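> Model the structure of this input:
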Amino acid sequence: MVEHAVHGTVAPGWERVRDAFAANFELHDEVGAAFAVYQHGELKADLWGGCADQANGVEWSNDTLQLVFSTTKGIAAICTGMLAQEGLLDFDATVASYWPEFGQNGKADFTVRQMMSHQCGLAAIDAQLSRTEVLSVTPVVKALEAQAPLWAFGDGHGYHALTYGWLVGELITRIDPAGRRINQFIQEEIAGPLDVDFWIGLPEAEEHRTAKLLDQPPPATQEEIEMMLAVLGPGTMGFRALTLDGAMVSDAGFAPVWNSRENHASEIPAANGITTARSLAAIYGATVAEVGGTRLLNPDTVADMTAEQVRGPDKTLVSDSRFGTGFMLTGEFTPLLNEGSFGHAGAGGSLGYADPETGIGYGYVMNQMGGHITGDPRTIGLNEAVRASL
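Take a look at the predicted model:
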C-alpha cells in the first residue's frame, strides 16, 4: 500500500480531526480525499491527501475538485431555501402553481415539500431515454412532466436518486425572476459571494483539476451480494432510480460514466456537483452562521426545511431513510453530528452537512467509492473526531 502524507491545517484543539482523516488511509483503503470543517464561520480544519488520479500518479492538491454525487442535492435544497426567504417560493404550494406542465397525469396536487421529500412517485421514468438525451436535460424534464406517479401518494417514500435534481432544477428556473438555470444561480448567489468552487455543469477550463472516481470494490460476502441485488438488482426501484433504467451506467461500472467530460458538463442537480471539501464546508457553514460576511439561510428557513417529512422504509434504498425538505436528517442511513444536523450524503461516501447547535459546516469528498448502504466508516470517524473536538 502506498502511503500518502496528510496536508493542510487544523486549529488548536482540532488535532483529532487530522488523526481521523489520516486513519481513513490506514484503515479504510482511502485513495484520495479532502476534509474541512467550519465552526461559527471560522475554518477549523482544511485537510487533503492521497492520489487524485491513481492511474497516472497525480497527487491530491489543495484545489483538487471532486464529483460528489448526491451530496449535490443538499446544495440544490439550499437554493430553494434562498428563494423561499425572498418570498418567491412557498414549500406548501403545489409544484404545478409554479410549473404548470408538471401537473399532468395525476400530479396537480403535489406540493413542493412533498416533491422535495421523495413522496411523489417520480423516482424513475417510463420513457426510455438514451444517455445523450438525459445529458441534454430537456428530454428528461419533459418526461417527468408527462410521467404518472409510480406509487400512490401516501404509500410511502422512495429516494428520487437522479430525478430529484431535474425536478428541483426546473422549479428553480421557473421561480427565479431572471429565469436562471441552477448552475448560474449557484455561481451568482452562493459560489461568488462565498468565493468557493461548486458547479453543476463544470467549465471545461476546470476539468484538469477534477479527481478520478474509482468504483467500489465488488461485494465480498454473500450478505453483501444479497444486499446489492436488493438495492440494484434488475427491475428494482433502486436500479431504475440510480441509473435511469441503465442509461447512466456502463458495463464497466459507474465511475467510467461519471468521470466523463460529458457527465461533468451536463446539469444533473441530483448528482454531478463538483466541488472541494473546503467549499462544501463553507457553504454549509454559511447556512448556520456568517462565513466571510455571507449567510445563506436564516434560522427560520433552517427550522422549516429540517422539520421531518418522512421516516422509515425507503422504496428505492431498501433501508430506512429520513428527510426534511430537500435535506437528509441524521439517522442510521446517514449519521450526522446531532439530532438537528442536516445535509446530504453522496454515493460512495461524500458528505456535506451543517449543525445549527454547534455552528458546524462539514465537507468530505473522496474518489474511492465505498460500498456501504448505511453510514460510511470514514465519515463516522470524522464525525466522532469533530464531536470530540467540540
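> So which residues of the stretch 151-300 of the chain form strands?
Per DSSP state E, counting those that start in this stretch, the stretch 151-300 of the chain carries strands over the ranges 198-200, 273-275.
> can you put those strands in JSON lines and add distance to Leu213?
Where C-beta positions appear, they are placed from N, C-alpha and C, glycine not excepted. JSON lines is the format used below for those (distance: least, Cβ to Cβ, whole Å):
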{"stretch": "strand 198-200", "distance to Leu213": "16"}
{"stretch": "strand 273-275", "distance to Leu213": "11"}
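> In CSV: the ones you listed, plus mean neighbour count and mean pLDDT.
Written out in CSV, the entries for these read as follows (neighbours: other Cβ atoms under 10 Å; pLDDT from 0 to 100):
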stretch, mean neighbour count, mean pLDDT
strand 198-200, 25, 98
strand 273-275, 29, 99
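> so which of those gets nearest Glu188?
strand 198-200 (12.0 Å; Cβ to Cβ).
> Can you tell me what sits against that closest one?
Contact with strand 198-200 is made by 72, 75-76, 165, 169, 182-183, 186-187, 190-191, 206, 267-269, 272-275, 279-280, 283, as judged by Cβ atoms under 8 Å, 6 or more residues apart in numbering.
> among those, which ones are buried?
72, 75-76, 165, 169, 182-183, 186-187, 190-191, 267-269, 272-275, 279-280, 283 (16 or more other Cβ atoms under 10 Å).
> Could you list which of the contacts of strand 198-200 belong to helices?
72, 75-76, 165, 169, 182-183, 186, 279-280, 283 (DSSP state H).
> Which one of those is nearest to Leu242?
Closest approach to Leu242 among those (Cβ to Cβ): Gly165, at 12.6 Å.
> Please name the residues that touch the closest residue to Leu162 other than its chain neighbours.
Distances taken as Cβ to Cβ, 6 or more residues apart in numbering put Ala270 closest to Leu162, at 5.1 Å, once the chain neighbours are dropped. By Cβ under 8 Å, 6+ apart, the residues touching Ala270 are 70, 72-73, 76, 160-166, 168.
> and the gap between Ala270 and Phe153?
Noted for Ala270: a distance of 21 Å to Phe153, by Cβ to Cβ, to the nearest Å.
> Alpha carbons of the biggest strand by length in the chain, as PDB, please.
Of all segments of type strand in the chain, defined using DSSP state E, the longest is strand 42-53. The C-alpha coordinates for strand 42-53 follow below in PDB (Å, rounded to 0.1, in the frame of the first residue of the first chain):
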ATOM      1  CA  GLU A  42     -14.300  30.100  11.100                       C
ATOM      2  CA  LEU A  43     -12.300  27.400   9.200                       C
ATOM      3  CA  LYS A  44     -11.100  24.900  11.800                       C
ATOM      4  CA  ALA A  45      -9.700  22.100   9.600                       C
ATOM      5  CA  ASP A  46      -8.700  22.000   6.000                       C
ATOM      6  CA  LEU A  47      -7.100  18.700   5.000                       C
ATOM      7  CA  TRP A  48      -6.200  16.700   1.900                       C
ATOM      8  CA  GLY A  49      -4.100  13.800   0.900                       C
ATOM      9  CA  GLY A  50      -3.600  10.800  -1.400                       C
ATOM     10  CA  CYS A  51      -4.000  10.400  -5.200                       C
ATOM     11  CA  ALA A  52      -6.400  12.400  -7.300                       C
ATOM     12  CA  ASP A  53      -5.700  10.200 -10.300                       C
END
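> Just want the most central residue of this protein.
Centroid-nearest residue in the chain: Thr71, 1.4 Å away (criterion: Cα atoms, centre = their mean).
> if I pick the closest residue to Glu30 other than its chain neighbours, what's in contact with it?
Nearest non-adjacent residue to Glu30, counting by Cβ to Cβ, 6+ apart: Asn24, 4.2 Å away. For Asn24, the contact set (Cβ under 8 Å, 6+ apart) comprises 30, 33, 378, 381-382.
> on that earlier part again, the helix or strand following the longest strand of the chain - contacts with which helices or strands?
Reading on from strand 42-53 to the C-terminus, the next helix or strand found by DSSP states H and E is strand 58-59. Helices and strands touching strand 58-59, by 3 or more Cβ pairs under 8 Å, 6 or more residues apart in numbering; DSSP states H and E, are strand 42-53.
> Quick check: buried residues in the strand it packs on?
Buried residues in strand 42-53 (16+ other Cβ under 10 Å): 43-53.
> average pLDDT for it?
Mean per-residue pLDDT for strand 42-53: 98.
> Not counting its own residues, what contacts that strand?
Among residues not part of strand 42-53, those counted as contacts by Cβ under 8 Å, 6+ apart are 2, 4-11, 14, 17-18, 21-22, 25, 30-38, 57-62, 64, 211-212, 277-278, 281-282, 367, 389.
> Please compute how far that strand lies from its chain's middle.
19 Å (Cα atoms, centre = their mean, to the nearest Å).
> cool, and stretch 285-295?
Distance of stretch 285-295 from the chain centroid (Cα atoms, centre = their mean) equals 20 Å.
> Then stretch 238-245?
On Cα atoms, centre = their mean, the centre of stretch 238-245 falls 17 Å from the chain's centre.
> swap in stretch 31-40?
Stretch 31-40 sits 15 Å away from the centroid of its parent chain (Cα atoms, centre = their mean).
> Also stretch 379-387?
19 Å.
> same thing with stretch 210-226?
19 Å.
> average pLDDT across stretch 20-28?
Mean pLDDT, stretch 20-28: 97.
> Run through the residues that contact the spatially closest residue to Ile182 that is not a sequence neighbour.
The shortest distance from Ile182 to any non-neighbouring residue, by Cβ to Cβ, 6+ apart, is to Gly169 (4.4 Å). Counting by Cβ under 8 Å, 6+ apart, Gly169 makes contact with 76, 137, 181-182, 200, 267, 269.
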